[in-house]
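# no FASTA, just this:
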């Protein structure tokens, strides 16, 4: 079965609370639970699993031990950046190039896109994932519960052919290519056909884009997911269909790259940037610019660092420092689809020991949000600080609270990769510059 390069760990933060780990378990399990296993890809990359099973609200247990949460349950991470600040630049109808990013309990982030043809689109809620490179949504021909409980692409309405069409495919606008794909995750899998359809994204219509249409989503992994599919925004080299041959007029690269090609954008516009919301407030995915109508969502100047690999959005950081611990020469990935900050288990154990006094952290004392030390990550000569209020995650039902560490052990082959997920990207506006093969960071307003 073919494997994708990396699909996001849409982390269930509650799993960190519920999953009881001892030293032996941590040493063997690599991450928060045994459902997060890892695979080598056909092109030498790494496949990281998606962790979505039940919704965050379903998975989190209440402080009284009940099975369901009070509807007032909230997750507080960045009290210094209030929701009203987030909404200053929100508009009812976002401008072209400004995509509203919905925040689900500071654990997951979603956008809406359209898939269809001829100016008619069905809407799908997807994860905009900078850690993978394929777009897929459920097909109407899929009878898995995970498909029937979500929006599906109506093949009967849109497709102009059948899989055995022998005519000139270039004469068709929306069709089944007859090709298939399959993606294996640590906690589940999906498979289906590769179709060609128009995609609406960021106010633009991208004609004849390759779209994965799942016909199988076995098990429970995606059944209760709060998203319909995934829109990968990493590099084409780790696309699951990067070796497939399509008709000459088909855009088979990740959606943003297809947009660049279809609109013939110059280098100055070949970038996108994330401004993530918190406490339920909307964020922004800016496409082709780093500002909204001349307004900046960040402070100061953007500090750019060159990529070290055009697979994931991977770069080198000089060092990470916390207390007496200093780790140097770090390979890092900026990933909008990962909730936490993940790194090699041994290094994370040292960080947790320095902060919490133990290498294997389950729940932590919430007072650490006021007393925990600063973690500094040096990127291209500039220090990016994470305060305890950034990395100690607090869950509250209005009466009681539980807190966890955002640092989790994750061993990816021999690459010793660190993944800077949403905990980092919430604090730092992040620019993904395709034309110049670089990442940019600046403190978010």
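All right, it came through fine. The model shown is predicted, which means the values in this text are computed figures rather than measured ones. Numbering: from 1, shown residues only.
# so residue 189 touches residue 218, yeah?
Yes: judged on Cβ atoms under 8 Å, residue 189 makes contact with residue 218 at a distance of 6.5 Å. Just so you know, the C-beta spots here come from the backbone N, C-alpha and C atoms, and that holds for glycine as well.
# Specify which residue of the two has the higher count of neighbours.
residue 189 (19 against 13; other Cβ atoms under 10 Å).
# quick one: what helix or strand has residue 214 in it?
Take DSSP states H and E as the rule and residue 214 turns out to sit in strand 204-216.
# Stretch 110-124: how far from the chain's middle?
20 Å (Cα atoms, centre = their mean, to the nearest Å).
# residues in contact with residue 174?
Residues near residue 174 by Cβ atoms under 8 Å, 6 or more residues apart in numbering: 116, 117, 158, 159, 160, 195, 196, 197, 198, 208.
# okay, now the fourth one: neighbour count?
The reference is to residue 159. Using other Cβ under 10 Å, residue 159 has 23 other residues around it.
# Quick one, grab the pLDDT at it.
We have a pLDDT of 94 for residue 159.
# Do I have it right that it meets residue 211?
No: with contact defined as Cβ under 8 Å, residue 159 does not reach residue 211; the gap is 11.4 Å.
# Which residues are in contact with each of these two?
Shared contacts of residue 159 and residue 211, defined by Cβ under 8 Å, 6+ apart, are found at residue 195.
# Tell me which residues are up against the lengthiest helix in the chain.
Longest helix in the chain by number of residues, with DSSP state H as the criterion: helix 345-356. With contact meaning Cβ under 8 Å, 6+ apart, helix 345-356 is reached by 26-27, 30, 320, 322-325, 327, 342-343, 358-361, 364, 368, 372-373, 375, 388, 405, 407-411, 416.
# what is the mean pLDDT for the strand holding residue 214?
Per-residue scores along strand 204-216 average to 97.
# could you give the mean pLDDT of the helix or strand just after it?
Per DSSP H and E, the first helix or strand lying C-terminal to strand 204-216 is strand 229-232. For strand 229-232, mean pLDDT rounds to 95.
# And the following helix or strand past strand 229-232, how far out from the chain middle?
As assigned by DSSP H and E, the chain's next helix or strand after strand 229-232 is helix 255-263. Its chain's C-alpha centre and that of helix 255-263 lie 20 Å apart, by Cα atoms, centre = their mean.
# And helix 255-263, what's buried?
Buried residues in helix 255-263, defined by neighbour count with 16 or more other Cβ atoms under 10 Å: 255, 256, 257, 258, 259, 260, 262.
# just the angle between it and strand 204-216, please?
Going by axes from the mean of the first three to the mean of the last three Cα atoms, to 10 degrees, helix 255-263 is angled at 140 degrees with respect to strand 204-216.
# Mind giving me the packing neighbours of helix 255-263?
With contacts taken as 3 or more Cβ pairs under 8 Å, 6 or more residues apart in numbering; DSSP states H and E, helix 255-263 sits against strand 188-201, strand 204-216.
# To residue 272, which of the ones you listed lies closest?
With Cβ to Cβ, the closest approach to residue 272 among the helices and strands packed on helix 255-263 belongs to strand 188-201: 10.3 Å.
# quick one: residue 215 and residue 226, what's the gap?
Distance of residue 215 to residue 226, computed by Cβ to Cβ, to the nearest Å: 22 Å.
# er, residue 393 actually
18 Å.
# Could you list the low-pLDDT ranges of the stretch 301-445 of the chain?
Across the stretch 301-445 of the chain, nothing is flagged by pLDDT under 70.
# Tell me which stretches of it form helices.
Ranges of helices in the stretch 301-445 of the chain, per DSSP state H, counting those that start in this stretch, are 345-356, 368-371, 388-391, 422-427.
# mind checking how far the second one is from the chain centre?
With Cα atoms, centre = their mean as the basis, the distance from the averaged C-alpha position of helix 368-371 to the chain average is 28 Å.
# ok, and what's touching that helix?
Outside helix 368-371, the residues within contact range by Cβ under 8 Å, 6+ apart are 355, 356, 388, 389, 392, 394, 403.
# and of the residues you listed, the nearest to residue 110?
residue 394 (22.4 Å).
# and that closest one, bridged to which residues?
With DSSP bridges as the criterion, residue 394 is bridged to residue 76, residue 403.
# how close does it get to residue 281?
Residue 394 is 17 Å from residue 281, by Cβ to Cβ.
# partners of residue 121 in the sheet?
Applying DSSP bridges, one finds that residue 121 bridges with residue 116.
# And the longest helix of the chain, how far out from the chain middle?
With Cα atoms, centre = their mean as the basis, helix 345-356 stands 24 Å off its chain's centre.
# In contact with the closest residue to residue 236 other than its chain neighbours, which residues?
Using Cβ to Cβ, 6 or more residues apart in numbering and skipping the chain neighbours, the partner closest in space to residue 236 is residue 253 (4.6 Å). Taking Cβ under 8 Å, 6+ apart as the criterion, residue 253 is in contact with 236, 239, 261.
# Ok, residue 248 next?
Applying Cβ under 8 Å, 6+ apart, the residues contacting residue 248 are residue 170.
# I figured residue 180 was touching residue 192, is that so?
Yes: Residue 180 lies in contact with residue 192 (Cβ under 8 Å); the separation is 6.9 Å.
# neighbour count winner among these two?
Counted by other Cβ under 10 Å, residue 180 and residue 192 do not tie: residue 192 has more neighbours, with 24 against 16.
# Low-confidence regions, the stretch 1-150 of the chain specifically.
Within the stretch 1-150 of the chain, the stretches with pLDDT under 70 are 1-94.
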